[in-house]
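Engineer: the sequence and its predicted three-dimensional model are supplied below.
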Amino acid sequence: QVQLVESGGGLVQAGGSLRLSCAASFSSYAMGWFRQAPGKEREFVAVISWSGGSTNYADSVKGRFTISRDNAKRTVYLQMNSLKPEDTAVYYCNAGWVSSTTTGDYWGQGTQVTVST
């Protein structure tokens, strides 16, 4: 059974940093992060290829967030720096045919990120 488990969310002041982790029961898929703020639709944040050699980011996080993966640990990370209040959302890990415009079949349960002013 495919499982994705996120961790690392929390409360941070604007300008601060957090690192999200997504532990997977497999390592053979592209993986990405999406987020959903209250009252808004889920949106793409970042994606990384299976090999880790290709990444893509939403314009809103480019230059501030970095996605990476460690296939030996079957874990994907999202390093978030220079956080802004508008980054507040539930962040979801996604695996499968993930891209900036498509989502894979597998989702984690989500982890809350709250950025205070």
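Structural biologist: Looks like it came in fine.

Engineer: in this protein, where is pLDDT below threshold?
Structural biologist: Counting by pLDDT under 70, the chain contains no low-confidence range.

Engineer: quick one: strands adjacent to the helix or strand where Val115 lies?
Structural biologist: Using DSSP states H and E, the element containing Val115 is strand 111-116. On the basis of DSSP bridges, the sheet neighbours of strand 111-116 come out as strand 10-13 (parallel), strand 89-96 (antiparallel).

Engineer: generate CSV for those strands, with distance to Val115 as supplementary columns.
Structural biologist: (Glycine included, C-beta is placed from N, CA and C.) Formatted as CSV, the strands paired with strand 111-116 follow (distance: least, CB to CB, whole Å):
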stretch, distance to Val115
strand 10-13, 6
strand 89-96, 9
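
Engineer: next, the angle from the helix or strand harbouring Gln79 to strand 89-96.
Structural biologist: The secondary structure element spanning Gln79 is strand 75-80 (assigned by DSSP H and E). Angle between the axes of strand 75-80 and strand 89-96 is 140 degrees (criterion: axes from the mean of the first three to the mean of the last three CA atoms, to 10 degrees).

Engineer: got a list of contacts for strand 75-80?
Structural biologist: Contacts with strand 75-80, where a contact means CB atoms under 8 Å, 6 or more residues apart in numbering, come from 17-24, 31, 33, 45-46, 48, 61, 64-70, 87, 91, 93, 113.

Engineer: now the residue nearest the centre of the chain. Nearest residue, chain neighbours left out?
Structural biologist: Centroid-nearest residue in the chain: Trp33, 2.8 Å away (criterion: CA atoms, centre = their mean). Closest residue to Trp33 in three dimensions, ignoring its sequence neighbours and counting by CB to CB, 6 or more residues apart in numbering: Val45, at 4.3 Å.

Engineer: part of a strand, is the one you found?
Structural biologist: Yes - secondary structure assignment places Val45 in a strand (DSSP: H, G, I helix; E, B strand; the rest coil).

Engineer: in its sheet, what does the strand holding Gln79 sit against?
Structural biologist: strand 18-24 (antiparallel), strand 65-70 (antiparallel).

Engineer: all good on my end, thank you.
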